[in-house]
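In: From the sequence below, what's the structure:
(one chain, ligands or ions: 1)
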Amino acid sequence: MSASGNASDVTSKSSLSQTLNSDTPFLKIKLYVVVVVAICILLVSIIVCVCIFWKRKMRVKHSSSLIPLVSKEIVEIKEVGRTDNLGKVEGKIGFGDLLKMGEIEVIKGIEEEKEKNKSGESDVGGSGSSNVSMADTQNIGWGRWYSLKELEFATRVFADENVIGEGGYGVVYKGFLQDGSVVAVKKLLNNKGQAEKEFEVEVEAIGKVKHKNLVGLIGCCADGPQRMLVYEYVDNGNLEQWLHGDVGPVSPLTWDIRMKIAVGTAKGLAYLHEGLEPKVVHRDVKSSNILLDKKWNPKVSDFGLAKLLGSETSYVATRVMGTFGYVSPEYASTGMLNEGSDVYSFGILFMEILTGRSPVDYSRPPGEMNLVEWFKGMVASRRGEEILDPLIEVQPSPRALKRALLVCLRCIDLDANKRPKMGQIVHMLEADEFPFRPEIRVSREKDTLPPQGVSNKVPHPITHGTGSNLERSRRR
Ligand SMILES: Nc1ncnc2c1ncn2[C@@H]1O[C@H](COP(=O)(O)OP(=O)(O)OP(=O)(O)O)[C@@H](O)[C@H]1O
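Out: Numbering: from 1, shown residues only. This next block holds a predicted model:
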């Protein structure tokens, strides 16, 4: 390069630096400051644009399956599981804190699933009830939309041989998906409007609920006017069939199995009531809605009647739904609905489990047709041991029976506010010492009650409930 060229270079550089050092008219700020700020703003804008672009791209990707891949609940649950040692979490559960209890149940399920997956014996729900593979579940998140063709293939075009049963909302078919998994397909009745609404409620509210004691909704299908729900298949019938079907002279439902079913059902309902926000009231708790797997794990099904509720409020239902014999008096008469109505229905269900009797049975003598009235009368006249299902071969201990009777009576308290919460019921059924406190157990044992009677003079350490039906019935 020539000397004149170098000189002109130096001149242009110095004039550039002079220009940059010059003051701008705006507040006399140096030009180079303005340039630097402008470059920064440009860079930030580019970064923001790139971020927005990627976010949008991700959203489009997720919305393609319509159902979110991972529910809020599951995200929260996973976080709990990740940060805490499971044993530690369990130790922290407060008796009234069913939110955590629900989470722990699911965490356990997730952990069990992980273990099973490693050893190659995967099943959804952790109970051996479903054949949906873990890999598939991961692929679809908690649910997905199925095409009509897929479900036609699965049910052999809704063949009669595949029909499992029929309920108020439609026919349920057993289905075999292409990947070999087994499902229950509920083909909803085609009455437009209400069915569609119920469908939306089920899909939105129930699809994201996962608990080992709740039947999982794994997908759905909307094709023209046809609406279908795809559930995990639960392979051992429902509780009504086992309680009232022909099972021979000795029921396979031993006392321990019945308690397992009652506790599991209570846990499932507690999760709906206390583990979700907004909470879910089932509205149709009854024995045919308790499905069982081969290990007698109960799974609460049929969320067709469930409505989401805002917390702390009662919900006036547009129409009273539920099943005769299980519906709480206040729900039947006023339509006022809250989780207390489910507690009442659970109380009736629990009585049914203990006695093997239907809530209303017209084939029985007049004084025994109504289960609640008969049950209360038997306890009041201290004949508690006689209420047990005669098909139970091995009798429970008097203490276990007392506990069960007391729980039933507290659940059906006419004053809905005095009924325990489902979480408290779980604790009552599981706690070893319930319903006694050590310091007064001796005096209690001297009480005039026979072994089969129930003492409820001692307030429950959690609920401090008083004035149950039993107390009233004993005063009579
Ligand atoms: N996920 C499932 N796995 C296996 N069987 C199921 C499943 N869901 C429902 N069933 C069975 O299908 C039948 C019909 O169930 P559905 O829930 O439609 O009606 P229901 O509970 O009998 O009556 P309602 O509609 O009045 O509640 C029942 O026998 C039930 O046990």
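
In: So which bits of the chain are right by the ligand?
Out: Contact residues, the chain versus the ligand (Cβ under 6 Å from any ligand atom): 164-169, 172, 184, 186, 215, 231-234, 238, 284, 288-289, 291, 301-302. Where C-beta positions appear, they are placed from N, C-alpha and C, glycine not excepted.

In: Show me these that map onto strands.
Out: Members of these lying in strands (criterion: DSSP state E): 164-167, 172, 184, 186, 231-232, 291.

In: Spatially, which two of the residues you listed are the most separated?
Out: The largest separation in those, counting by Cβ to Cβ, is between Glu166 and Glu232 at 19.3 Å.

In: Is there a quick ChimeraX command that grabs whichever of the ones in strands among the residues of the chain next to the ligand are buried?
Out: To isolate the buried ones among these in ChimeraX, judged by 16 or more other Cβ atoms under 10 Å, type:
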select :164,172,184,186,231,232,291
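
In: Format the ones in strands among the residues of the chain next to the ligand as TSV; extra columns: pLDDT.
Out: Formatted as TSV, these follow (pLDDT from 0 to 100):
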residue	pLDDT
Ile164	96
Gly165	93
Glu166	91
Gly167	83
Val172	96
Ala184	97
Lys186	91
Tyr231	93
Glu232	94
Leu291	98
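
In: Smallest gap between this protein and the ligand, at which residue?
Out: Nearest residue of the chain to the ligand: Gly167, at 2.0 Å (Cβ to the nearest ligand atom).

In: Let me see the domain layout of the chain.
Out: Annotated domains of the chain cover 22-48, 141-233, 237-430 [the TED database].

In: Tabulate those in CSV, adding columns for distance to Leu16.
Out: Shown next, in CSV, are those (distance: least, Cβ to Cβ, whole Å):
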stretch, distance to Leu16
domain 22-48, 10
domain 141-233, 58
domain 237-430, 63
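
In: Name the SS class of Gln395, please.
Out: coil (DSSP: H, G, I helix; E, B strand; the rest coil).

In: let me redo that: Cys408
Out: Look at Cys408: counting by three-state DSSP, its state is helix.

In: How much space separates it from Glu330?
Out: 18 Å (Cβ to Cβ, to the nearest Å).

In: who's more crowded, these two?
Out: For the pair Cys408 and Glu330, the greater number of neighbours falls to Cys408 (29 against 18), based on other Cβ atoms under 10 Å.

In: Retrieve the pLDDT associated with Cys408.
Out: On pLDDT, Cys408 comes in at 98.

In: ok, now which ones touch it?
Out: 347, 350-351, 354, 375 (Cβ atoms under 8 Å, 6 or more residues apart in numbering).

In: cool, and Met378?
Out: Met378 makes contact with 384, 386-387, according to Cβ under 8 Å, 6+ apart.

In: again, only using 6 Å
Out: Ile387 (Cβ atoms under 6 Å, 6 or more residues apart in numbering).

In: Check Glu330 too.
Out: Counting by Cβ under 6 Å, 6+ apart, Glu330 touches 336, 416.

In: mind running it again at 10 Å?
Out: Counting by Cβ atoms under 10 Å, 6 or more residues apart in numbering, Glu330 touches 314, 336-338, 340-341, 344, 414-416.

In: Out of those residues, which end up buried?
Out: Counted by 16+ other Cβ under 10 Å, those give 314, 336-338, 340-341, 344, 416 as buried.

In: All the strands of the stretch 251-400 of the chain, residue numbers only.
Out: Secondary structure of the stretch 251-400 of the chain (DSSP state E, counting those that start in this stretch): strands located at 280-281, 290-292, 298-300, 307-308, 315-316, 336-337.

In: Adding distance to Ser358, write those out as JSON lines.
Out: JSON lines is the format used below for the strands of the stretch 251-400 of the chain (distance: least, Cβ to Cβ, whole Å):
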{"stretch": "strand 280-281", "distance to Ser358": "23"}
{"stretch": "strand 290-292", "distance to Ser358": "14"}
{"stretch": "strand 298-300", "distance to Ser358": "18"}
{"stretch": "strand 307-308", "distance to Ser358": "26"}
{"stretch": "strand 315-316", "distance to Ser358": "28"}
{"stretch": "strand 336-337", "distance to Ser358": "24"}
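
In: where among those is the average confidence lowest?
Out: Taking the mean pLDDT of these, strand 307-308 comes last: a mean of 40.

In: How about Val234, nearest residue that isn't a chain neighbour?
Out: Leaving aside its chain neighbours, Val234 sits nearest to Leu291 (3.8 Å; criterion: Cβ to Cβ, 6 or more residues apart in numbering).

In: again with His273
Out: The shortest distance from His273 to any non-neighbouring residue, by Cβ to Cβ, 6+ apart, is to Glu339 (4.3 Å).

In: list the contacts for that neighbour?
Out: So Glu339 contacts 269-270, 272-274, 279-283, 309, 314, 346, 416, 419, 421-422 (Cβ under 10 Å, 6+ apart).

In: I'd like to know how far it sits from Asn162.
Out: 35 Å.
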